[in-house]
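Asker: Just to be clear, the model below is a prediction. Sequence and coordinates:
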Amino acid sequence: MVFLRQYWPYIMILALSAFLRFFRLAYPFSYPGVDYPFSVNGADEGIHLMAARLGAHGYQMYVQVNAQQGPLFMYVYGLFEGDPMAARIMSVLFSMVGLIGMIFMAEKVANRTVGILTTLFLSFNFLYFKESRIASVDLYCTVFLIWAFYFMVKYYLNVEKARYSQEKLSYMNSLFLVLAGTLFSMAAMSKLFAVIPLMCLGCYMFVRWLRSLRLFKHLSKHLFIDMVIMVVATLIPTLIIMSIFGLEETFQGMFLDNLNRPTQDSLIRLAQFSAFGGILLIPIIFSMVAMFRYFRDRTVQLIMVWVLSLFFWLLFQSLTWMHHLTLLAPPICLLGSIGVYHLLVQPVGSRVAKQKTVSLKEFFRALAYERGVTTITDDDSMDDHEADVKKLEKVKVEDIREGKLDDVRKAASRTDISKAIWHDITYSKRKLFIIGIVMFFILLTAGSNIAFVLYTDEPIEYTVAMEVKDLTDDGDMVISGDPLVSLYANRDQPPEATNLAIVRYPPIDPVDLINYTWDYDVRVVILTYNLTGWTDYVDFVREYYDFHKGYDRHGLVSEIEGEVPIALLTFNIYVLPDDVSLKDAREEYITFLRERDQSSS
């Protein structure tokens, strides 16, 4: 009962979050065998799950299977043969683990109020919510980063405590670094973007070590050893995970092939970041307050390393999609919550200093708060923070320690603290305004998520997949522009033709695709999504395959070819007739393409 009374806000938020994530996604919250993610993502989700399925069926990852993501979840997905429902349930569970990690981090960095606000912001954030209902490596990377930075926060809080005492760092600090390094490794082996904050964190640790050589020599040796521990703790799990599909193959597929990403149009990038800014508008605004006000605080510095390194990387890298920006949501929500809390707490300064009854400790903490010293708690003594006191302008350490309260008050009145003090009525209006816009934002995001879940119809992919299943036998291969259709139908795709998205390397052309169709004796082709841009291959299919049915997302089903256009969000099923030889069709059409290219040149 004590636990419930103390943590009931968290319990209610997590319970509602879990229900919204499971609702209409998995039995018993949905019909058996049917899940309704409100954002079906064939470009990534289907490719990753199909690649994992093919890897489990014996095809060589990164060699035969054209995949470019990390090996960790390619292997995990393969354990249940790329089943979409199992993968989505795992995403829900991971998202809840991420929320719990943010609760721990917020309480460690700040307090209960910031923790509750952070949980509300992140739980109902559209990106985090959407990714938690699909098989998303971006989500897994985000969750691993949350816990990695949580252990780094715990590590640096211990370092800060040891700065002003001669105590040695305990073995627990080494454990925190081992856990953080392992989690960073798992994040990078899920999504390569995690390498960016890891590298920036390494630079931060190196700078802190250099400063310790001058200011805290008793810690410099320990900080250097800690850097070595961090490197080893990150490197060993990375090599182990990479060895699952082969070190050389994984390095080629995950690292080198990703160097060949196409360049994104500037307007598309601007639209992506503009939409992201709208989705996280309130947390972004208040995170500016937190970064400006507490940039000297070690824990806030860590969060800034996390968010700013990823932000600038995603801003300037060659290709960024909206789901990549999910990695930014947790640190922005935490910083935004700190900013909100800072503005809601009534500033204390010269007005309190004028009260004759104020205690030295109360005044000291208020003054420290105004100067951005956030490491002081109610239980701390004056002596523990002598170095922090030095940061307070025009206030002498001797005045604090000897209790010369009048001198301290006079010094405070000469500073700019009084400029930050608003009149009570102005402060009350500001407080009500901040509470109002924050509550409106939370209700808006929560309501939109509920609406997306409630008003999502059964995905048309299921209907198309059942049709494909009836047209094929077990063991037959199909080619679909959306691999989710093949997965729902329990059919494999040719491994080289699994990834037909924009980001793929080595490149393939229509002739390659025609060859794969013949090599794997593909009897059914579904023209949809990524496949619709392959004009020559679409013409090949329409020339030698018979049209079966066309589907669109508005419920139109047609047996007349052309009535449902071949487009990004439509599904046209073509079946190879029994009297057509794929070998002859392949040779005839490739010859036609070559002659056409020669005549045009």
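Answerer: Yes, it's here.

Asker: In terms of secondary structure, what does the lengthiest helix in the chain contact?
Answerer: Across the chain, the helix with the greatest residue count (assigned by DSSP state H) is helix 424-454. Packed against helix 424-454 by the contact rule (3 or more Cβ pairs under 8 Å, 6 or more residues apart in numbering; DSSP states H and E) you find helix 2-22, helix 112-123, helix 126-131, helix 281-293, helix 329-344. Every residue, glycine included, has its C-beta placed from N, CA and C.

Asker: for that helix, what is the average pLDDT?
Answerer: For helix 424-454, mean pLDDT rounds to 82.

Asker: Just checking, which helix or strand succeeds that helix along the chain?
Answerer: Proceeding N to C from helix 424-454, the next assigned helix or strand is helix 460-471, under DSSP states H and E.

Asker: Okay, buried residues for that following helix please.
Answerer: 460, 461, 462, 463, 464, 465, 467, 468, 469, 471 (16 or more other Cβ atoms under 10 Å).

Asker: number of nearby residues for residue 194?
Answerer: Number of residues near residue 194 (other Cβ atoms under 10 Å) recorded here: 25.

Asker: show me the contacts for it.
Answerer: Under the criterion of Cβ atoms under 8 Å, 6 or more residues apart in numbering, the neighbours of residue 194 are 141, 144, 145, 184, 187, 188, 327.

Asker: for those residues, which one is nearest residue 527?
Answerer: Using Cβ to Cβ, residue 141 is the member of those that lies nearest residue 527, at 32.4 Å.

Asker: by contact count, what packs against the host helix or strand of that closest one?
Answerer: Per DSSP H and E, residue 141 falls inside helix 137-163. Other elements packing on helix 137-163 under the criterion 3+ Cβ pairs under 8 Å, 6+ apart are helix 71-79, helix 84-109, helix 126-131, helix 171-188, helix 195-215, helix 217-242, helix 298-316, helix 329-344.

Asker: distance of the nearest residue to residue 476 once chain neighbours are set aside from residue 448?
Answerer: In this structure, residue 476 finds its nearest non-sequential neighbour in residue 523, 5.6 Å apart by Cβ to Cβ, 6 or more residues apart in numbering. Between residue 523 and residue 448 the distance is 42 Å, computed by Cβ to Cβ, to the nearest Å.

Asker: Looking at those two, which is more packed in?
Answerer: When residue 523 and residue 448 are compared for neighbours, residue 523 comes out ahead with 22 against 14, by other Cβ under 10 Å.

Asker: could you say which helix or strand contains the closest residue to residue 243 other than its chain neighbours?
Answerer: Counting by Cβ to Cβ, 6+ apart, residue 243 lies nearest to residue 250, which is 7.9 Å off, once chain neighbours are set aside. Element membership for residue 250 (DSSP H and E) is helix 247-250.

Asker: Let me see the contact set for the nearest residue to residue 204 once chain neighbours are set aside.
Answerer: What sits nearest to residue 204 in space, not counting adjacent residues and going by Cβ to Cβ, 6+ apart, is residue 305, at 5.3 Å. By Cβ under 8 Å, 6+ apart, residue 305 lies in contact with 197, 200, 201, 204.
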